[in-house]
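Participant: Pasted the sequence and its predicted model underneath.
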Amino acid sequence: MLRGILLFGYPGSGKGTQGKILAALPGFHHVAMGDILRSLVPENPLYDRAMSYVRRGDLVPDDLVMDLFFRYIDELGCAPDAYLVIDGVPRNARQVARLNERVAIIRVFKLSVYDEGLLIERLRKRARAQGRPDDASDDVIQHRLQVYRQETESCIRSYPGMLLTRIQANQPIFDVHLDIIQALGKTRNITFR
């Protein structure tokens, strides 16, 4: 069974940035559900269905998300001792159950940003730089923050508290990364090759 490290946090808290940095470590693979969804091309039969949710800032249905997620990790062809740095899954209890069937979660990081204005500014900047439809308007951004509070954040309680580390994510990127690496270094079942 693959081992997983979960990154939780509001949209704009830096999950994708930290996931990409961690993926530079040997044996670590960043798997971002948002990237998987945005990589769908219009010719894909699932494109219209998935994008209709993404554009509104709604969660894509569980069956579709988890099927795409598992298809992606199967295509990665990771070694059995690899670590998946997972961002964007799970978003609710059903996804927690499906994820736990295939991935052993060994660490959970909650990237905390307590200034909603900072999150909104980060998302607006990302929308300008990357043209992301899920960051397209303030209404969509507010809806995404609300969906996170109402549905996603409760997933953290699905994992034992000893797996959870809260990281202050309004620090410079390097400082956030250093906090994550220090916590990983204290995890007994993590080995850096």
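Facilitator: Sure, I can see it. Numbering: from 1, shown residues only.

Participant: going forward, measure contacts between C-alpha atoms and count neighbours the same way
Facilitator: Will do.

Participant: Helices of the chain, residue ranges please.
Facilitator: Along the chain, the segments classed as helices by DSSP state H run 15-22, 33-38, 47-56, 62-76, 93-102, 116-130, 138-147, 173-185.

Participant: State the pLDDT value of the residue nearest to the spatial centre of the chain.
Facilitator: With distances taken as Cα atoms, centre = their mean, Asp87 lies nearest the centre of the chain, 1.4 Å away. pLDDT, Asp87: 96.

Participant: Kindly report the same for Tyr47.
Facilitator: Model confidence at Tyr47 (pLDDT) stands at 91.

Participant: do the same with Gly57
Facilitator: For Gly57, the model assigns a pLDDT of 82.

Participant: What residues does it make contact with?
Facilitator: Residues near Gly57 by Cα atoms under 8 Å, 6 or more residues apart in numbering: 134, 140-141, 143-144.

Participant: From Leu46, how far off is it?
Facilitator: Note on Gly57: its distance to Leu46, by Cα to Cα, to the nearest Å, is 17 Å.

Participant: before we move on, what about Glu116?
Facilitator: Using Cα to Cα, we find Glu116 at a distance of 33 Å from Leu46.

Participant: Repeat that for Asp74.
Facilitator: The gap separating Asp74 from Leu46 is 18 Å, by Cα to Cα.

Participant: If you count surrounding residues, which of these two has more?
Facilitator: Neighbours were counted for Asp74 and for Leu46 using other Cα atoms under 10 Å; Leu46 has more, 14 against 10.
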